[in-house]
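Novice: Fold the following for me, if possible:
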Amino acid sequence: MSPAYMLVLITGVLLAGGSLGVFANSGPVLAGLALLAAGLALIITGAAGLGRGLLPPAHSAPSGNAGGIYPARLEGQLDPNLTRWMWLVKWILAIPHYIVLAFLGIAFVVVTVAAGVMILFTGRYPASLFQFTVGVMRWNWRVAFYANGVLGTDKYPPFTLAHADYPATFEVDYPEKLSHWKVLIKSWLLALPHVLIVAALTGSVWASSADGGTNGMSLLGLLVFITAVILLFTGVYRLGLFNLIMGINRWAYRTITYTALMRDDYPPFRLDQGPLDPPAKALSSAI
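Specialist: Below is the predicted model:
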């Protein structure tokens, strides 16, 4: 991951934020617009630069869910040697990640809007921007798996958008072609059933991704809390709870993938539990 492009992106976020301050204080409109335009340009430039360093070997994913396997794959391997108490301080240890992810989250939204415009006119999601958005979700997932989203490992997450030697992974197949018109209704209309379900499970459709964990008291938050208490007193992470928590996170990330315009494939209405994606039963049925 290029520090230079990350600095460009962060500068862009700060400039865009500064433009909002100008507008809020009734400052010069032209100055505010100039700051906003410069900020957005730097965000896109930084995101594209970061994404170019993440490009996978060229290949196209087939359209549709082959064998019922969704093209966004979230996995996590439970650490068998979790400490009883470390979950009490993980949220503090993860603060540096939360700060970086706050900037990346803003850039994620800007890039998604920009990509939506490009998809509308060209039917393609620029590859470098696509890999950036996948990288942000991958980073978020690693932090969620470590901290208050799963508590599945004591291994500290790496500061990178790229693939890493870490027990939590996330990947989305790059689409060669996307629908021109679906981009106008996917996020707010077609995805609405999934958004409502995920919001009921996690407290927010962005909960598992945007803040590295859960959002307030929700079913996911309750399950993670119960898991933490059991771990504290017994030193054991119940496998049934882990599988269910993984399934909820997997549903949430599939929904985010769709609402963020990364795939036209509609997410399945199912709770695929367990560490692997696709689950063994789905893989065997597809063979």
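Novice: if you skip the residues just before and after it, what's nearest to F242?
Specialist: In space, F242 comes closest to L78 once its chain neighbours are excluded; the distance is 5.3 Å by CB to CB, 6 or more residues apart in numbering. For every residue, glycine as well, the C-beta is placed using N, CA and C.
Novice: what residues are up against the one you found?
Specialist: By CB atoms under 8 Å, 6 or more residues apart in numbering, L78 lies in contact with 152-153, 167, 237, 239, 242, 275.
Novice: For the host helix or strand of V109, buried residues please.
Specialist: Per DSSP states H and E, V109 falls inside helix 95-122. Counting neighbours by 16 or more other CB atoms under 10 Å, one finds that the buried residues in helix 95-122 are 97, 101, 103-108, 110-112, 114-116, 118-120.
Novice: same check, this time on stretch 1-8
Specialist: Neighbour-count burial for stretch 1-8, with 16+ other CB under 10 Å as criterion, is recorded at 5-6, 8.
Novice: Now do the strands in the chain.
Specialist: Using DSSP state E, the strands found in the chain span residues 72-76, 168-172.
Novice: Helices of the protein, residue ranges please.
Specialist: 3-24, 29-52, 87-93, 95-122, 127-146, 192-202, 207-210, 219-234, 239-259, 280-286 (DSSP state H).
Novice: Please name the nearest non-neighbouring residue to G53.
Specialist: Skipping the residues right next to it in sequence, G53 comes nearest to S2 by CB to CB, 6+ apart, at 6.0 Å.
Novice: State the distance from that neighbour to V143.
Specialist: Here the distance between S2 and V143 works out to 21 Å (CB to CB, to the nearest Å).
Novice: G53 is in contact with G135, correct?
Specialist: No. G135 is not in contact with G53 according to CB atoms under 8 Å; the separation is 9.1 Å.
Novice: which of these two has more neighbours?
Specialist: Using other CB atoms under 10 Å, the more surrounded residue of G135 and G53 is G135, with 23 against 16.
Novice: got the contact list for the more buried one?
Specialist: Taking CB under 8 Å, 6+ apart as the contact definition, G135 lies against 50-51, 54, 161-162.
Novice: Pick out the lowest-pLDDT one from these.
Specialist: Taking pLDDT as the measure, the contacts of G135 have their low point at L54 (89).
Novice: Could I get the contacting residues of it?
Specialist: Contacts of L54 (CB under 8 Å, 6+ apart): 131-132, 134-135, 161-162.
Novice: if we can go back for a sec, if I pick the residue nearest to G53, what's in contact with it?
Specialist: With contacts defined as CB under 8 Å, 6+ apart, the neighbours of S2 are 49-50, 53.
Novice: Which single one of those residues is nearest to T83?
Specialist: L50 (33.5 Å; CB to CB).
Novice: rewinding a little: who touches both of G135 and G53?
Specialist: Contacts common to G135 and G53, judged by CB under 8 Å, 6+ apart, are A162.
Novice: Surely G12 touches L35?
Specialist: No. With contacts defined as CB under 8 Å, G12 does not count as touching L35, sitting 10.2 Å away.
Novice: Which pLDDT does the model give the residue nearest the centre of the chain?
Specialist: Nearest to the geometric centre of the chain sits M137, at 2.5 Å (CA atoms, centre = their mean). M137 is assigned a predicted lDDT (pLDDT) of 98.
Novice: Pull the contacting residues for it.
Specialist: With contact taken as CB under 8 Å, 6+ apart, M137 is in contact with 108, 170, 172, 209, 253, 256-257.
Novice: Show me the one in these that has more neighbours than the rest.
Specialist: Ranked by neighbour count (other CB under 10 Å), the contacts of M137 have S209 at the top, with 29 neighbours.
Novice: pLDDT below threshold where in the stretch 1-150 of the chain?
Specialist: Residues of the stretch 1-150 of the chain that meet the criterion pLDDT under 70 lie in 55-67.
Novice: ugh, wrong one, the stretch 151-287 of the chain
Specialist: Filtered on pLDDT under 70, the stretch 151-287 of the chain yields the residue ranges 205-216, 280-287.
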